[in-house]
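> need a 3D model of the sequence below.
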Amino acid sequence: MAKRKTTTKRAKETPDAQEMLVLELQEIHSAESQLSRVLPRLVKAAESDTFRSALEERLSQGERLIAEVEAALEGLDATPGRKKNVAAEGLINDAREHVQEIAKGPSLDAVLLAAIQKTEHYCIAAWGTVKAIGAALGEKDVVKSMDRALKEGYKLDEGLTKLAETELMPELLSQAEGEEELDDDDEDVPARGGRGNQRGGEGRVST
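Numbering: from 1, shown residues only. Reported below is the predicted structural model:
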């Protein structure tokens, strides 16, 4: 009888607070780096001027945050690392796929806005976590950076919600109503040759 292959379990790690802070900062760096690469493409794909401006502002904020995170990691004798933030990757890929699948217009703007809001909500949670750990460790620069990122994130989220309610959704609903009207008009058009067939039939009736 063949012997069962024995495997040794890898010991679980027990990171301290500073190691947790480094890990969370690396996650933020990866998320912001991925987002900074896709945002220019979303700016080009967006139709709404207001939405484009919001995306451009988010790009600028992200670039500044990346620099601050790199400085914070250096102060902690750490580097950004190469591990990719898979949670952010999934959210960002969702937005990228929308650009490939949906034609430019109100529909694309609406789904891109939703995708960016989902990503921003994730970022807000990450920034809040780092702010709390940084405060516990007395890392004032980290706390200051995350506090500003949180304020900017909440402002962006509120602005995107207002944009969706006042501009994008009304345009989307108007577009749908226009398509329904076109469909109704098509149904009212008589079939070609209908009147001619009727006349031909009348001509064949014997008197």
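
> ok, the residue nearest to residue 58 when sequence neighbours are not counted to residue 11 distance?
Leaving aside its chain neighbours, residue 58 sits nearest to residue 156 (6.1 Å; criterion: Cβ to Cβ, 6 or more residues apart in numbering). C-beta coordinates here come from the backbone N, C-alpha and C atoms, glycine included. For residue 156, the distance to residue 11 equals 42 Å [Cβ to Cβ, to the nearest Å].

> residue 12: neighbour count?
5 (other Cβ atoms under 10 Å).

> longest helix anywhere in this structure?
As assigned by DSSP state H, the longest helix anywhere in the chain is helix 106-137.

> what stretches of the protein score poorly on pLDDT?
Applying pLDDT under 70 to the chain flags residues 1-8, 176-207.

> neighbours of the residue nearest to residue 85 when sequence neighbours are not counted, how many?
Nearest residue to residue 85, sequence neighbours excluded (Cβ to Cβ, 6+ apart): residue 30, at 3.7 Å. In terms of burial, residue 30 registers 22 neighbours under the definition other Cβ under 10 Å.

> repeat that for residue 10.
As a burial measure, residue 10 scores 6 neighbours (other Cβ under 10 Å).

> tell me the SS of it?
Using DSSP: H, G, I helix; E, B strand; the rest coil, the secondary structure recorded for residue 10 is coil.

> all good on my end, thank you.
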